[in-house]
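[1] What follows is a predicted protein model with its sequence.
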Amino acid sequence: MLTSPVRLLLPLLLVLAVHTVGCGDSQQSTEPGESREVRLPEQPYSTHVELGESHPTYNSIPATSGWHSGFTAKWGVHDTLIPDEVLVHNLEHGGVGIHYDCPAGCPALVQSLEGISGRYGKVVMSPYPDMGITIALTAWTFSDRFDEFDEVRITDFIEAHMSSPVAPEYSVDAPKP
């Protein structure tokens, strides 16, 4: 037989247990094309840093704002990691990043992402090892992360954020690398 205080707490405990079990990863979409993008706090960006120079940790992986280099990556597809300090400068100019993490290789995914990125002028695409998810989209202070290719979700993100006035220098083309 349950004691009186336990009997009174039992319904509350059951509600908490059901709520906790029902909470999943908010970054995973249940419907194709459904965005689960998040807006991150803007980090300081007024001072350029040299590659390798010490600075505070970014608040996202890949970075979406903050300390950045004085140069940018060329718009388009890259087959090597773009350092966060360079990527952030592209995002500051209203660019969008498409990143993928496939330790075992994923040529079909890379080809699909290249097809999308080739349709837009201010997009950089690159591998990004160890980000803990297969695909990450970045824009100034925005990120969307997911595991399965979703063309609608990717194009919607690009179209919502490319040259967005949220980016500090959205109307200025990135300087030449």
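    It's in.
[2] From the contact counts, what lies against the helix or strand harbouring Glu159?
    Counting by DSSP states H and E, the element that carries Glu159 is helix 151-161. Helix 151-161 sits against strand 96-100, helix 107-117, strand 135-139, strand 142-146, with contacts defined as 3 or more Cβ pairs under 8 Å, 6 or more residues apart in numbering; DSSP states H and E. Bear in mind the C-beta positions are built from the backbone N, C-alpha and C, glycine included.
[3] between those, which gets nearest to Ala73?
    strand 96-100 (9.1 Å; Cβ to Cβ).
[4] so how far is the closest one off the chain centroid?
    On the basis of Cα atoms, centre = their mean, to the nearest Å, strand 96-100 sits 7 Å off its chain's mean C-alpha point.
[5] now stretch 158-177
    16 Å.
[6] hmm, which helix or strand of the chain has the shakiest average pLDDT?
    helix 4-22 (a mean of 38; mean pLDDT, DSSP states H and E).
[7] For Trp75, see how far away the closest residue to Cys106 other than its chain neighbours is.
    Nearest non-adjacent residue to Cys106, counting by Cβ to Cβ, 6 or more residues apart in numbering: Tyr100, 6.8 Å away. From Tyr100 across to Trp75, the span is 17 Å (Cβ to Cβ, to the nearest Å).
[8] picking up where we left off before, the residue nearest to Cys106 and Ile135 touch, don't they?
    Yes: at 5.6 Å, Tyr100 counts as touching Ile135 under the criterion of Cβ atoms under 8 Å.
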